[in-house]
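Trainee: Any chance you could fold what I've pasted below:
(chains A and B)
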Amino acid sequence: MIEIKNVWKRFGDNVILENISATVKEGEFVTLVGASGCGKSTFLKMLLGTDSASQGSILIDGKPIPSEPDAERGVVFQQYSVFPHLSVLDNVVIAREFEKTKLGFLLGAEKKAARTEAAELLNVVGLAHMQNRYPDELSGGMRQRLAIAQALILKPRILLLDEPFGALDPGIRADMHELVLDLWRKHKLTVFMVTHDLKEGFHLGTRLWVFDKRRVDAQAPNAYGASITYDLPVGVCEQEILDEIDESLATKNQAEQV
Amino acid sequence: MKRLINFTPARIWRIGLALLPFAVIILIYISASDARLAENPQDKLLPSFTQMGDAIQRLAFEPSKRSGDYLFWQDTLSSLRRLGLGMVIAASLGMLFGLMTGALPVLNASFAPLLTVVSLVPPMALLPVLFIVFGLGEVSKVALIAIGVTPFIARDIQKRTLEIPREQIVKAQTLGANSGQIILRVLIPQLMPRLIDAVRLSLGSAWLFLIAAEAIASTDGLGYRVFLVRRYLSMDVILPYVAWITLLAFIIDYLLAQLSRFAFPWHAQQEGKS
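Mentor: Below is the predicted model:
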């Protein structure tokens, strides 16, 4: 479904990503891990359409990926993905209003229908009791649940998650994993999730991509970019590989800090 | 004993402490006024409260001998009308320019530098131009307020628009929104309380422009009256008028703050958090 062909990303002389190629089938759950600043978020932005490749191409169903965000690709960011001026319910309803009307205001029976639909979705993510609150009254975990509900109401084919649980407590994070896995199965989504937590990568999804630099020039650390150094089916691999990846990422991080 | 920076007075004390400076100022004024009047009952510089009360009684509750108007209320009404009209125009234009230059990069590229330059023009220096172009009537006074305040509001709203997290705008696009829907449903609602804040902040300069314009060319208005009676050293009129203007400014500010709180409850929560 998604084909990534020889994608490069450069900012001036800095090479961020080099020569990335991969194919992702419909319904896969890909987790992207890597050291901070390795370009995994940049890659996600390309899938989203807010950033573009310097070279190479990304195809969806054989067509080049649209260069701006659209309703095909839902997204949840680490923060600020919900609208603070709308109640929890309206945050979900607004997607239908965007879809169905020119100016973005639904009225009467249609509005009622959209509200019922949104309320059901909020029930699924466990926010039924918070419908009339504003996002600033919610905890971090609840806000992310809301962002997920919001992203799913229009039934996008692809869901992009940019460190969605990075700011949450471990206990809440586990709940959120359950929720995401559940929704992924139910809605048959294709998911890309960026995380800096390798364990999260192994717990979730069907496929793990590790972003790392294949070559490092100590004199010019930005001369080479990151590519996918491991592409592993989750659940099939051994503990040793995990440790190996862990170690390679750890040494990279240290090297960068020195 | 706590450190001074950790010492917060109890509520009852706080009210007392807030009123104390006002009481002190009034007391100092009364004693100074009494001392001067005891020496010379004709003294005009520090009138007693009775004299001020008489002056306002004359202006507010007795029709003027010349025109039959109740001057105090007529002045208030004229000034508030000019101020209100000027502020409505300034807020609308400021919102429009600020929003458009903040939301649309194309318009930002072409108009943001112009806006910066225009906001540096001192409005008072333009007053003669306004008098020449619009004449000495109402239009030039309203125009001075509008011209003086619009750039401030426009720049503030522009800045606030750019402060809205990019993530929200991307998110709206992933929900299928087009530019118009994003402006109507995401940007404008979030900017309304900011607009009220900007109006509150700019009311001070709006009063300044109003009184200046009225002082120079007018036939009524609070600023006109103050500058008119200055010729007769009528401190008994000037001081109550200044107090009245201050009170009006305070009430307007308070009402706007309440409006913001009731109309945009989510904004107060946000402010409380940050």
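
Trainee: Which positions in whichever strand or helix holds residue B:209 come out as buried?
Mentor: Using DSSP states H and E, residue B:209 falls within helix B:188-216. Buried residues in helix B:188-216, counting neighbours by 16 or more other Cβ atoms under 10 Å in any protein chain shown, are found at B:188-200, B:202-203, B:206-216. For the C-beta atoms, the positions are set from N, CA and C on the backbone; glycine is no exception.

Trainee: anything in it near chain A?
Mentor: Yes - using Cβ under 8 Å from any Cβ of the partner chain, helix B:188-216 reaches chain A at B:189, B:190.

Trainee: Let's test this: mean pLDDT of that helix, rounded?
Mentor: Regarding helix B:188-216, the rounded mean pLDDT is 95.

Trainee: Residues of chain B that sit close to chain A?
Mentor: Residues of chain B lying near chain A by Cβ under 8 Å from any Cβ: B:165, B:167-168, B:170-178, B:180-181, B:184-186, B:189-190, B:264-267, B:269-270, B:273.

Trainee: Show me where chain A has its helices.
Mentor: Ranges of helices within chain A are A:40-48, A:88-100, A:108-124, A:140-152, A:170-187, A:198-203, A:239-257, based on DSSP state H.

Trainee: of all those, which lies closest to residue B:226?
Mentor: helix A:88-100 (49.5 Å; Cβ to Cβ).

Trainee: mean confidence for that closest one?
Mentor: 92.

Trainee: what helices or strands is that helix leaning on?
Mentor: On a contact count with 3 or more Cβ pairs under 8 Å, 6 or more residues apart in numbering or on different chains; DSSP states H and E, helix A:88-100 meets helix A:108-124, helix A:140-152.

Trainee: could you redo those as JSON lines and give each row mean neighbour count and mean pLDDT?
Mentor: Formatted as JSON lines, the helices and strands packed on helix A:88-100 follow (neighbours: other Cβ atoms under 10 Å in any protein chain shown; pLDDT from 0 to 100):
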{"stretch": "helix A:108-124", "mean neighbour count": "15", "mean pLDDT": "90"}
{"stretch": "helix A:140-152", "mean neighbour count": "24", "mean pLDDT": "91"}
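
Trainee: mind checking which of these is nearest residue B:86?
Mentor: Of all the helices and strands packed on helix A:88-100, helix A:108-124 comes closest under Cβ to Cβ, at 38.3 Å.

Trainee: Using PDB, write down the CA coordinates of the closest one.
Mentor: Extracted in PDB, the C-alpha atoms of helix A:108-124 (Å, rounded to 0.1, in the frame of the first residue of the first chain):
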ATOM      1  CA  GLY A 108     -30.300  20.600  13.700                       C
ATOM      2  CA  ALA A 109     -30.700  16.900  13.000                       C
ATOM      3  CA  GLU A 110     -27.300  16.500  11.400                       C
ATOM      4  CA  LYS A 111     -25.600  18.000  14.400                       C
ATOM      5  CA  LYS A 112     -27.500  15.700  16.600                       C
ATOM      6  CA  ALA A 113     -26.400  12.700  14.600                       C
ATOM      7  CA  ALA A 114     -22.800  13.800  14.700                       C
ATOM      8  CA  ARG A 115     -23.100  14.300  18.400                       C
ATOM      9  CA  THR A 116     -24.400  10.800  18.900                       C
ATOM     10  CA  GLU A 117     -21.700   9.300  16.800                       C
ATOM     11  CA  ALA A 118     -19.000  11.300  18.700                       C
ATOM     12  CA  ALA A 119     -20.400  10.300  22.000                       C
ATOM     13  CA  GLU A 120     -20.200   6.600  21.000                       C
ATOM     14  CA  LEU A 121     -16.600   7.000  20.000                       C
ATOM     15  CA  LEU A 122     -15.800   8.800  23.300                       C
ATOM     16  CA  ASN A 123     -17.300   5.900  25.100                       C
ATOM     17  CA  VAL A 124     -14.900   3.600  23.300                       C
END
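
Trainee: Check the stretch 101-250 of chain A for the residue nearest chain B and tell me.
Mentor: residue A:104 (3.8 Å; Cβ to the nearest Cβ).

Trainee: List the residues that contact the nearest residue to that residue once chain neighbours are set aside.
Mentor: By the measure of Cβ to Cβ, 6 or more residues apart in numbering or on different chains, the closest residue to residue A:104 outside its immediate chain neighbours is residue B:181, 3.8 Å from it. Residue B:181 is in contact with A:98, A:102, A:103, A:104, B:172, counting by Cβ atoms under 8 Å, 6 or more residues apart in numbering or on different chains.

Trainee: hang on, the earlier thing: need the helices of chain A in a markdown table (columns: distance to residue B:8).
Mentor: Output for these, formatted as a markdown table (distance: least, Cβ to Cβ, whole Å):
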| stretch | distance to residue B:8 |
| --- | --- |
| helix A:40-48 | 44 |
| helix A:88-100 | 36 |
| helix A:108-124 | 41 |
| helix A:140-152 | 30 |
| helix A:170-187 | 35 |
| helix A:198-203 | 44 |
| helix A:239-257 | 43 |
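
Trainee: ok, the residue of the stretch 101-250 of chain A closest to chain B touching residue B:185?
Mentor: Yes - counting by Cβ atoms under 8 Å, residue B:185 is a contact partner of residue A:104 at 4.4 Å.

Trainee: shared neighbours, those two?
Mentor: A:94, A:97, A:98, B:177.

Trainee: Tell me, how many residues neighbour residue B:269?
Mentor: By the criterion of other Cβ atoms under 10 Å in any protein chain shown, residue B:269 has 15 neighbours.

Trainee: In terms of helices and strands, where is it?
Mentor: According to DSSP H and E, residue B:269 maps onto helix B:265-273.

Trainee: what comes into contact with that helix?
Mentor: A:84, A:85, A:86, A:134, A:135, A:136, A:137, B:193, B:260, B:261.

Trainee: How about stretch A:17-25?
Mentor: Stretch A:17-25 has contacts (Cβ under 8 Å, 6+ apart) with A:1-9, A:30, A:39, A:42-43, A:56, A:190, A:192, A:207, A:209, A:211, A:214, A:224-228, A:231.

Trainee: Just the buried residues out of the residues you listed, in ChimeraX syntax.
Mentor: Applying 16+ other Cβ under 10 Å to those leaves a buried subset, and the ChimeraX line that selects it is:
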select /A:2,4,7,8,9,30,39,42,43,56,190,192,207,209,211,225,226,227,228
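
Trainee: what's the weakest-modelled helix or strand in the chain?
Mentor: Since no chain was named, I'll use chain A. Least confident helix or strand of chain A, by mean pLDDT, DSSP states H and E, is helix A:239-257 with a mean of 64.

Trainee: which ones are touching residue A:173?
Mentor: A:165, A:200.

Trainee: Compute the distance between residue A:106 and residue B:61, please.
Mentor: 55 Å (Cβ to Cβ, to the nearest Å).

Trainee: Show me which of these two is the more surrounded one.
Mentor: Taking residue A:106 and residue B:61 together and counting by other Cβ under 10 Å, residue A:106 has the greater number of neighbours (19 against 10).

Trainee: thought that one was touching residue A:96?
Mentor: Yes - Residue A:106 lies in contact with residue A:96 (Cβ under 8 Å); the separation is 6.6 Å.

Trainee: Any chance you could list residues touching both of the two?
Mentor: Common neighbours of residue A:106 and residue A:96 (Cβ under 8 Å, 6+ apart) are residue A:114.

Trainee: residue contacts, residue B:85?
Mentor: B:142, B:145.

Trainee: just checking, it is part of a strand?
Mentor: No - checked against DSSP: H, G, I helix; E, B strand; the rest coil, residue B:85 lies outside a strand; its state is helix.

Trainee: and the helix or strand encompassing residue B:156, what other elements does it pack with?
Mentor: Using DSSP H and E, residue B:156 falls within helix B:138-163. Helix B:138-163 sits against helix B:71-103, helix B:105-120, helix B:123-134, helix B:188-216, with contacts defined as 3+ Cβ pairs under 8 Å, 6+ apart.
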